[in-house]
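K.L.:
Provided below are the primary sequence and the corresponding predicted coordinates.
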Number of protein chains: 2
Amino acid sequence: MADAVQLVQSYPQMPLTVDCVIFGFEENKLKVLLIRSDLEVYKGKWSLLGDIVKSTEELDDAAYRVLRERTGMTDVYLKQVQTFSKLNRHPGGRVVTVAYCSLLNIRHHELQITDNELHWQSVRSLKDMAFDHKEIIDACYNWLQKSIQEHPLGFNLLPEKFSLRELQNLYEAILNVELDRRNFRKKFFSMDFLIDTGELEEDVKHRPGKLYQFNFDKYEKSKRKWIGIDF
Amino acid sequence: MADAVQLVQSYPQMPLTVDCVIFGFEENKLKVLLIRSDLEVYKGKWSLLGDIVKSTEELDDAAYRVLRERTGMTDVYLKQVQTFSKLNRHPGGRVVTVAYCSLLNIRHHELQITDNELHWQSVRSLKDMAFDHKEIIDACYNWLQKSIQEHPLGFNLLPEKFSLRELQNLYEAILNVELDRRNFRKKFFSMDFLIDTGELEEDVKHRPGKLYQFNFDKYEKSKRKWIGIDF
DNA sequence: CCAAAAGTGTTGGGTATACACCCATGC
DNA sequence: GCATGGGTGTATACCCAACACTTTTGG
């Protein structure tokens, strides 16, 4: 054991951080939660929410901590996406960062955000960010576009009860496509994971749509392993 | 700028390593390249090929360096998969590691391996490895199973010219399924990325199959963006 | 001629796509 | 009653899964 300790002590060390790409959905747009950079060189630029990883902290824990400290939320979808290590990515020296992607419902969380430098920004209008954060967001956005087609992640961005129109708007916004409404409905109804709550939309100035919930239990039980070569 | 440097210098630091899960295909089995652990506590156990990340080295470069130093190969498929940070994953103390997955053709590389503690082991027969390396291999294997269905990665594991039977054996071994030969052929021919070399298998004691090459150029040009919700 | 694997087509069922009309609500 | 979006069905094309026989080669 002593040899192992000695070995590790001889290793070069470097700072490690986590950066959270926190997605939300509002006004039919996919948005990401940003904060003003606190570095002089990036004055005025937006940056991701991130923090150092402590010496005795696991990466997932560090990412959850960032979420908790920034949004007050603990029960949020979170997933490690990629680690970035360009030598010049941080102006203060070598810092490696692990990017996490997080999905949350803006409505559930808006009251908890007090720091007024926090800001939900449309993913489509991003430019000129601090560090390599644009690159990190692009990676997470690509990951999201892919994952939302294979897993029921989108529901994390919606209220617990949602209309099919909202769901479709979400998919259209994230995938940047237009989908046929009837086929979209057929698709989701045929999956049979939507629970009709019996409730209707309110405060809408046209015929109200039905509200549904996603049946996560049923989904978990029926997860299948897909074989299908396609490239 | 000075503030940024000072800030980074105040960050906790830790050792960072890369571990390469190097897959190969031989005797119709998916294999992974392992080495005897050099730590006393793991005496006799197998471990992945890995190394520290140098202070001024990017992660991809470190992973390529490991490959080059261990196999002599430079032109090998390599992809960052996941970062592992459990506090007790290394008996010598806190070490974070970034796992890379690599695919190579064993035949092209076998002569370059001189260290006789290096060893190709069947993925199916893995057990009881050093560190958290079993977990890392599992993650990379899952990644491979998924990716090989969406991207033409498998060809990195085969010789440049291969028969359809070899290709099918590869898919069956990695996905751990049996596939219908006629449908498999139809599938690949309909993709239209296989070039008939006009050559035939040799030294085979039955009717020889045709040898094909994968048309990477054509594939790159025709990459399409898929929209298809399915979970 | 025998063994072993290569090579080849068809059919049926299910799934994706394209498309148009009536309905319920608010104003 | 009109504007707005909710809700529904059908026909077609495509793709996937299932399935058996003939051909070529080596020995």
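P.N.:
Everything's here; your move.

K.L.:
Report the residue ranges of every domain in chain A.
P.N.:
For chain A, automatic domain parsing gives the domain ranges A:12-150, A:161-221.

K.L.:
what's the closest of those domains to B:K134?
P.N.:
domain A:12-150 (18.3 Å; CB to CB). Where C-beta positions appear, they are placed from N, C-alpha and C, glycine not excepted.

K.L.:
The closest one spans what distance, first to last residue?
P.N.:
In domain A:12-150, first residue to last residue: 40 Å (CA to CA, to the nearest Å).

K.L.:
List the contacts of the residue most central in space within chain A.
P.N.:
Central residue of chain A (CA atoms, centre = their mean): A:S102, 2.8 Å from the mean position. Contact partners of A:S102, counting by CB atoms under 8 Å, 6 or more residues apart in numbering or on different chains, are A:C20, A:V21, A:I22, A:F23, A:A63, A:L67, A:V76, A:Y77, A:L78, A:K79.

K.L.:
Give the closest residue to the fifth one in space, chain neighbours not counted.
P.N.:
Leaving aside its chain neighbours, A:A63 sits nearest to A:Y100 (4.2 Å; criterion: CB to CB, 6 or more residues apart in numbering or on different chains).

K.L.:
Mind checking what secondary structure that neighbour has?
P.N.:
strand (DSSP: H, G, I helix; E, B strand; the rest coil).

K.L.:
quick one on the thing from earlier: just the buried residues from the contacts of A:S102, in ChimeraX please.
P.N.:
Here is the ChimeraX selection string for the buried members of those, based on 16 or more other CB atoms under 10 Å in any protein chain shown:
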select /A:20,21,22,23,63,67,76,78,79
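
K.L.:
could you check the distance from A:S47 over to DNA strand C?
P.N.:
38 Å (CB to the nearest atom of the strand, to the nearest Å).

K.L.:
could you point out which element follows the longest strand anywhere in chain A?
P.N.:
In chain A, taking DSSP state E as the definition, the longest strand is strand A:13-26. Sequence-wise, the next helix or strand beyond strand A:13-26 is strand A:29-36, with elements assigned using DSSP states H and E.

K.L.:
measure A:E160 to DNA strand D for me?
P.N.:
Taking CB to the nearest atom of the strand, one finds A:E160 at 17 Å from DNA strand D.

K.L.:
from memory that residue sits against A:Q213, does it?
P.N.:
Yes. With contacts counted by CB atoms under 8 Å, A:E160 reaches A:Q213, the gap being 6.1 Å.

K.L.:
the more surrounded of these two?
P.N.:
More crowded of A:E160 and A:Q213, by other CB atoms under 10 Å in any protein chain shown: A:Q213, with 17 against 12.

K.L.:
Show me what whichever strand or helix holds the more buried one is packed against.
P.N.:
Using DSSP H and E, A:Q213 maps to strand A:210-214. Where contact means 3 or more CB pairs under 8 Å, 6 or more residues apart in numbering or on different chains; DSSP states H and E, strand A:210-214 is packed against helix A:164-175, strand A:194-200.

K.L.:
quick one: contacts of that strand?
P.N.:
Around strand A:210-214, the neighbours that count as contacts under CB under 8 Å, 6+ apart are A:152, A:155, A:160-164, A:167, A:193-201.

K.L.:
try it again with 10 Å
P.N.:
Contacts to strand A:210-214, defined as CB atoms under 10 Å, 6 or more residues apart in numbering or on different chains, come from residues A:152, A:154-156, A:158-164, A:166-167, A:188-189, A:191, A:193-202.

K.L.:
Briefly note if it comes near DNA strand C.
P.N.:
No. Strand A:210-214 stays clear of DNA strand C (CB under 7 Å from any atom of the strand), getting no nearer than 10.7 Å.

K.L.:
Show me which residues of the longest helix along chain A are buried.
P.N.:
What stands out as the longest helix in chain A, according to DSSP state H, is helix A:133-150. Neighbour-count burial for helix A:133-150 flags A:H133, A:I136, A:I137, A:A139, A:C140, A:Y141, A:W143, A:L144, A:S147, A:I148, A:Q149 (criterion: 16+ other CB under 10 Å).

K.L.:
Can you lay out those residues as a markdown table showing pLDDT and distance to A:F84?
P.N.:
Below are the buried residues of helix A:133-150 laid out as a markdown table (pLDDT from 0 to 100; distance: CB to CB, whole Å):
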| residue | pLDDT | distance to A:F84 |
| --- | --- | --- |
| A:H133 | 98 | 10 |
| A:I136 | 98 | 6 |
| A:I137 | 98 | 11 |
| A:A139 | 98 | 8 |
| A:C140 | 98 | 11 |
| A:Y141 | 98 | 15 |
| A:W143 | 98 | 13 |
| A:L144 | 98 | 17 |
| A:S147 | 97 | 19 |
| A:I148 | 97 | 22 |
| A:Q149 | 96 | 25 |
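
K.L.:
got a pLDDT number for the residue nearest to the centre of chain A?
P.N.:
With respect to pLDDT, A:S102 scores 98.
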